[in-house]
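# 3D, please:
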Amino acid sequence: MADRAAVFIDGAYLTKILDVDFGKPKIDLAGFSEILCGSYERLRTYYYNCMPYQSNPPTDEERRRFASMDKFVYTLRKLPRFEVKLGRLGCVGGEFVQKRVDIALAADLVRLSCGRMIQKAVLVTGDSDFLPAIEAAKEAGVLVTLYYSRSSIHDELLSVVDESAVIDQELISKVAR
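This is a model prediction of the structure:
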């Protein structure tokens, strides 16, 4: 059996770096995932995010953003070996924050690693909240690779993963649609 990898994408992080670093390109996430896996067979790509906020009643802009994200999620779910996991938005101190997204990613990373379903985990994130899950995956014998943006990365995250690579213009150019 071939060595298998799973890709774990923090959707809000990827969207942010695509917007800030690369001018909002549309990318082929299936092709992106395959490149990130390298010589490993891709078991699955897990994409984590939240639907955008809608007030009651929603504004036209909120409706537009929600419909756009809904269409995107629908398209992702139809891709082979893709799993979309949606958290929810919570209001903390008057600011909207994602809830249940990081913990869902961490739980999947640990479950697949400890269950020996993957030999490599590829993370696309910049959040140091994943350190305990990364350490558990490594203890289970999984190679953990981080893809990140120099403009948005927590140093501690770089020091705990086995390998890391910058998401650069060359990579984005290969998967731009």
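# how about Lys174, what does it touch?
Neighbouring residues of Lys174 by Cβ atoms under 8 Å, 6 or more residues apart in numbering: 31, 35. For glycine as for every other residue, the C-beta is placed from the backbone atoms N, C-alpha and C.
# May I have the lowest-mean-pLDDT helix or strand in the chain exported as PDB, CA atoms only?
Here the helix or strand of the chain ranked lowest by mean pLDDT, DSSP states H and E is strand 88-92, holding a mean of 79. Extracted C-alpha coordinates of strand 88-92, given in PDB (Å, rounded to 0.1, in the frame of the first residue of the first chain):
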ATOM      1  CA  ARG A  88     -20.000  28.600  13.200                       C
ATOM      2  CA  LEU A  89     -19.500  32.200  13.800                       C
ATOM      3  CA  GLY A  90     -19.700  33.400  17.400                       C
ATOM      4  CA  CYS A  91     -19.800  36.900  18.700                       C
ATOM      5  CA  VAL A  92     -17.100  37.600  21.300                       C
END
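# can you pull the buried residues of that strand?
Within strand 88-92, not a single residue qualifies as buried, counting by 16 or more other Cβ atoms under 10 Å.
# Provide the contact partners of that strand at residue level.
Contacts of strand 88-92 from elsewhere in the structure, counted by Cβ under 8 Å, 6+ apart, are 50-53, 96-100.
# give me that answer again for 6 Å
With contact meaning Cβ atoms under 6 Å, 6 or more residues apart in numbering, strand 88-92 is reached by 50, 53, 96-97, 99.
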